[in-house]
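>>> pasting the structure only:
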């Protein structure tokens with residue numbers, strides 16, 4: 001499953017894992033040593049994240065139902081909490097520096113959950 005930034009015409013990740021249940025969202029990226037380049041975890045539904053007990057930094061993209069980027073956190077270190085992001089339908093967790101490398105910014109249009117799940 002690809003996750004694409006349609007505004008920039010770039011693939012953010014070519015292998016997406018969806019955490020769509022409460023236990024899978026709670027577990028998230030815990031107990032992993034890294035998030036390899038080209039991969040991402042999508043938390044759906046989600047409007048806040050934490051990196052407690054994680055071993056690595058991540059980039060976090062908060063996305064509205066319509067697929068609009070409404071909040072970004074770059075290079076989020078372990079043992080941090082995000083604020084609650086109003087209007088967020090789902091979150092894309094990516095390897096650190098993906099936001100910078102792709103130039104992803106607020107109001108970009110990215111893949112919606114329907115687009116991700118249909119692939």
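Good, I have the coordinates. Source: prediction; values computed, not measured. Numbers count the residues shown, from 1 in each chain.

>>> Is residue 11 within a helix or a strand, and which one?
Using DSSP states H and E, residue 11 sits within strand 10-13.

>>> From the contact counts, what lies against that strand?
strand 3-5, strand 39-43, strand 90-95, helix 98-102 (3 or more Cβ pairs under 8 Å, 6 or more residues apart in numbering; DSSP states H and E). In this view, the C-beta of every residue, glycine as well, is placed from N, C-alpha and C.

>>> The ones you listed: which one's closest to residue 114?
strand 90-95 (11.1 Å; Cβ to Cβ).

>>> ok, the spatially most central residue of the chain - contacts?
Centroid-nearest residue in the chain: residue 92, 1.2 Å away (criterion: Cα atoms, centre = their mean). Applying Cβ atoms under 8 Å, 6 or more residues apart in numbering to residue 92 gives the contacts 3, 12, 13, 40, 41, 42, 60, 61, 63, 110.

>>> contacting residues around the helix or strand bottoming out on mean pLDDT in the chain?
Taking mean pLDDT, DSSP states H and E as the measure, the helix or strand of the chain with the lowest value is helix 113-118, at a mean of 81. Identification of contacts with helix 113-118 by Cβ under 8 Å, 6+ apart yields 1, 2, 3, 4, 16, 18, 42, 44, 67, 89, 90.

>>> Find the pair from these with maximum spatial separation.
With distances taken as Cβ to Cβ, the most widely separated pair in those is 2 and 89, at 18.5 Å.

>>> which of these two has more neighbours?
residue 89 (18 against 15; other Cβ atoms under 10 Å).

>>> Okay, that one and residue 110: tell me how far apart.
Distance, residue 89 to residue 110, by Cβ to Cβ, to the nearest Å: 11 Å.

>>> what do these two both touch?
In contact with both residue 89 and residue 110: residue 63, using Cβ under 8 Å, 6+ apart.

>>> isn't residue 88 right up against residue 62?
Yes - counting by Cβ atoms under 8 Å, residue 62 is a contact partner of residue 88 at 4.2 Å.

>>> Right, I'll leave it there.
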